[in-house]
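> Based on what follows, work out the 3D shape:
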Amino acid sequence: MLAISIAGSSWAHQARVGFKMLALAVISIILFFVISWVALMAILFGVIILYLLISREVLLIGLSLMRPLLWVVCLILAFHVFRGEFIAGSVVCLRLIILVSLANFVTLTSRLTDMIELFLWLLSPLKRIGIQVGPIGLALGMVMRFTPVLIKRAGQLSESWRARGLKQTNWRIILPLFITVVDDADRVAEALRARGGIGK
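This is a model prediction of the structure:
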């Protein structure tokens, strides 16, 4: 669930985050009992319709978010083809694509504050044993918010690397990426301190 939420007033935006997360969990379980690639293709087509019910723009954003997954899907499929299990590999890849696309749909149509509130509610029993759930909820929200930013920044560094005439990106982008992450973390920490720190 690495997407950034998109503002809107559609039925998906108005649905409660808890309901969408529960539906995602139920669908995830059901998918593992679906062994027909034809049925999975039909489900994937339904997911595309689900995006289109919001808007064509949301569908395009959803497709762009799936690009990093393509390499993983290709590797999984190639492995199964090498083992002579093309159908089984297709089923695994289709399940993965459906689950990730549905997870992205949930985050695209949910506000980050609502997601954090849901996490805090789920973690509320920990208060009874003296654990502060506020910092945990904030950490989860930060991960969800900044992971897409980090992925995008890594892509920008890779493009800059190739623009300098180097064909392939290597480990040298790790250091500048790490420096930008530390710089962002420092600025976020200063902003939190300026607002009085983390609430309980």
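> from here on, contacts and neighbour counts on C-alpha atoms
Will do.
> And residue 50, how close does it get to residue 98?
12 Å (Cα to Cα, to the nearest Å).
> low-scoring stretches of the protein, by residue?
1-5, 144-149, 151, 165-173, 192-193, 195-200 (pLDDT under 70).
> How about the contacts made by residue 44?
Residue 44 sits next to 94, 98 when contact means Cα atoms under 8 Å, 6 or more residues apart in numbering.
> buried ones in the helix or strand harbouring it?
Per DSSP states H and E, residue 44 falls inside helix 37-54. Neighbour-count burial for helix 37-54 flags 37, 40, 41, 43, 44, 47, 48, 50, 51, 54 (criterion: 16 or more other Cα atoms under 10 Å).
> residues contacting the nearest residue in space to the second one that is not next to it in sequence?
Yep, that's residue 40 we're talking about. Excluding its sequence neighbours, the residue lying closest to residue 40 (Cα to Cα, 6 or more residues apart in numbering) is residue 94, at 6.4 Å. Applying Cα under 8 Å, 6+ apart, one finds that residue 94 lies in contact with 37, 40, 41, 44.
> Ok, residue 113 next?
residue 141.
> Quick check: it vs residue 119, distance?
Where residue 119 is concerned, residue 113 sits at a distance of 10 Å (Cα to Cα).
> try residue 184
24 Å.
> Could you check which of these two is surrounded by more residues?
residue 119 (19 against 13; other Cα atoms under 10 Å).
> Same question for the more buried one, what's its three-state structure.
Using DSSP: H, G, I helix; E, B strand; the rest coil as the criterion, the local structure at residue 119 reads helix.
> Just give the closest residue to it, not the sequence neighbours.
Nearest to residue 119 is residue 137, by Cα to Cα, 6+ apart, at 6.1 Å.
> Would you confirm that the one you found contacts residue 120?
Yes - counting by Cα atoms under 8 Å, residue 137 touches residue 120, with 5.7 Å between them.
> before we move on, back to that, which one of the buried residues of helix 37-54 sits closest to residue 78?
Taking Cα to Cα as the measure, residue 37 is the one of the buried residues of helix 37-54 closest to residue 78, at 16.6 Å.
> Count the neighbours of residue 57 for me.
11.
> got it, and residue 29?
10.
> And it, how far from residue 50?
19 Å.
> Now do the lengthiest helix in the chain: which elements does it pack against?
Longest helix in the chain, counting residues (DSSP state H): helix 134-163. Contacts of helix 134-163 with other secondary structure elements, assessed using 3 or more Cα pairs under 8 Å, 6 or more residues apart in numbering; DSSP states H and E, are made with helix 112-123, helix 174-194.
> Which neighbouring elements make contact with the longest one?
Going back to what we said before, that points to helix 174-194. Looks like helix 174-194 contacts helix 134-163 (3+ Cα pairs under 8 Å, 6+ apart).
> helix/strand/coil for residue 131?
coil.
> what do you get for residue 7?
Under three-state DSSP, residue 7 comes out as coil.
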